[in-house]
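1. all I have is the shape, not the residue letters:
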């Protein structure tokens, strides 16, 4: 959740917290109703949008299939005309003596609605026969025409050209037509010899154009265009704009599509593209439906759904008000009774009206009142026990043996005239007792607690004649946090008595304080270690582990930390025989100054 989201949540929580339960119920029921109805409306809208999209795509595919069928029939009829001219006429004629004009004219007259011209050329491009005009322009260069070259390169196939202006013949009316040329190689007979020629059938482009104009009558629903096998645009409803460079089409990408429907984004616009391939030619019919069409269709449903939601919310708000009042009334009466209990009146008559749950709550509160005095007594006893444990902890820290041995060391130093060392140990002892007492405080800063531990270790190092080394690794940031008093010294005492006293080599005790998600203080030694079964018993009440030093130090530390800060904190002990022991104190991150200001000492 972002910072703004958390801020809004907290404000809403505080706002609702100041309102009555009736208002909360009304608001909650209304919000839930709005959310549920909105989800239903959105779900139905999505379902309608999907079904509408599928229906539109299916209907468009049916239209395209019909256009494809019409075009295939048209192309097939042109191929039949070419076959009829070739097999029925050209095959049976000797071009050196026979004319092709009569048969060509008959064939043209029968199909002139769809034909512009029919012509036959020899392999050099010389005209052998043509209809309805048989005069070729002088500069026509038949042998270099694209349809002528293509037919010669691929001998066995029909070849359909792209739309172009038919300008081969010298038409006295100067009328020129847009055509699609169907060319093929034919076998000619001249004086008994066979030679190749080219048969040309020019189809009227307007027939194809009319097919697509019908489909594109309503461009607001999308548009349909025709591609050649190499991606060239044969027909487009905005063909002039495309040729002039004012408009672009995704035809080169559509050329690679197989038959079917696709979702694409072109020039930042999402759209559905449906592709169908025409037989014999490799041409493709491409239909484009912009997503705006679907959005326009859905907008009407959205307005209707919004009206239904608003009307339903008004009705539900009235129903919620009535229902919430019936629910809230007995709860309000119960609230009044609880307020009386809070004011100290334990003789109040608890209202037990309302639903079963509220009645049960009333009986529970009545039972709670009867147990309250007993619970209060238990709390008083628990607090007293806590204070006794803390007092016992304080007393256990001032170990008479430690004090006696320290004073004995001071006397020995004075007798041997080691006055400076005697002064040092007396100063350390005074500082140690000053922090131990701490004016009766139970909570001190980590800084003071560490100072107390350093004083203690300074005295012990003198007593043990520097038998061990003490290392400190203290994060200064930790020093400003709060801790229970006298929790490090018992751990150091155990590290000396259990870890250092019987070591043959150099002993090292490390005091480390650092901070992660919590405050951690560690006392580690490289002493003899503790068996695993004993480690598990150290923090258990009435354990049977043999004790020396302060006797109750470790368990006392663990219990006092948990009493003060909760069971999530306390003491952890890790040890390996002959490797050493690490006792880790876990404390919450509470600034000492904040706790002191709140009277937490």
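-> On my side now, so go ahead. Note that this is a predicted model, so its numbers are computed, not measured.
2. now do the helices in the stretch 151-300 of the chain.
-> 205-215, 239-243, 251-254, 291-342 (DSSP state H, counting those that start in this stretch).
3. give me the distance from the last one to the chain's centre.
-> Counting by Cα atoms, centre = their mean, to the nearest Å, helix 291-342 is centred 31 Å from the centre of its parent chain.
4. ditto for the shortest one
-> Relative to the centre of its chain, helix 251-254 is centred 34 Å away, using Cα atoms, centre = their mean.
5. where in the stretch 151-300 of the chain is pLDDT low?
-> Counting by pLDDT under 70, the stretch 151-300 of the chain contains low-confidence ranges at 156, 173-174, 218-220, 297-298.
6. can you check which of the helices of the stretch 151-300 of the chain gets nearest to residue 88?
-> Closest approach to residue 88 among these (Cβ to Cβ): helix 205-215, 23.6 Å. Every residue, glycine included, has its C-beta placed from N, CA and C.
7. and the closest one, what does it pack against?
-> Contacting helix 205-215 under the criterion 3 or more Cβ pairs under 8 Å, 6 or more residues apart in numbering; DSSP states H and E are the following elements: helix 21-88, strand 177-190, strand 223-227, strand 233-235.
8. cutoff 6 Å now
-> Contact here means 3 or more Cβ pairs under 6 Å, 6 or more residues apart in numbering; DSSP states H and E; on that basis helix 205-215 packs against helix 21-88, strand 177-190.
9. deepest-packed of those, please.
-> Among the helices and strands packed on helix 205-215, the stretch with the highest mean neighbour count (mean count of other Cβ atoms under 10 Å) is strand 177-190, at a mean of 20.
10. what angle do it and helix 205-215 make?
-> Note on geometry: by axes from the mean of the first three to the mean of the last three Cα atoms, to 10 degrees, strand 177-190 and helix 205-215 are set 140 degrees apart in direction.
11. contacts for strand 177-190?
-> Residues from elsewhere that reach strand 177-190 (Cβ atoms under 6 Å, 6 or more residues apart in numbering): 78, 82, 86, 90, 94-96, 116, 147, 151, 155, 158-161, 163, 166, 194-203, 205.
12. from the chain's centroid, how far away is it?
-> Distance, centroid of strand 177-190 to centroid of chain: 63 Å (Cα atoms, centre = their mean).
13. tell me which helix or strand of the protein sits lowest on mean pLDDT?
-> Across the helices and strands of the chain, mean confidence by mean pLDDT, DSSP states H and E is lowest for helix 3-17: a mean of 59.
14. still on that earlier bit, residue 340: which of the helices and strands packed on helix 205-215 is closest?
-> For the helices and strands packed on helix 205-215, the distance to residue 340 is smallest for helix 21-88, at 18.0 Å, taking Cβ to Cβ.
15. that closest one - what's its average pLDDT?
-> Mean pLDDT, helix 21-88: 83.
16. I'd like the next helix or strand past that helix.
-> On the C-terminal side of helix 21-88, the nearest following helix or strand under DSSP states H and E is helix 101-111.
17. just the angle between that next one and helix 21-88, please?
-> Helix 101-111 and helix 21-88 are oriented at 160 degrees to each other (the same axes, to 10 degrees).
18. show me what secondary structure element comes after helix 101-111.
-> Later in the chain than helix 101-111, the nearest helix or strand by DSSP H and E is strand 115-122.
19. direction included, what does that next one pair against?
-> Sheet pairing for strand 115-122, assigned by DSSP bridges, gives strand 127-131 (antiparallel), strand 193-204 (antiparallel).
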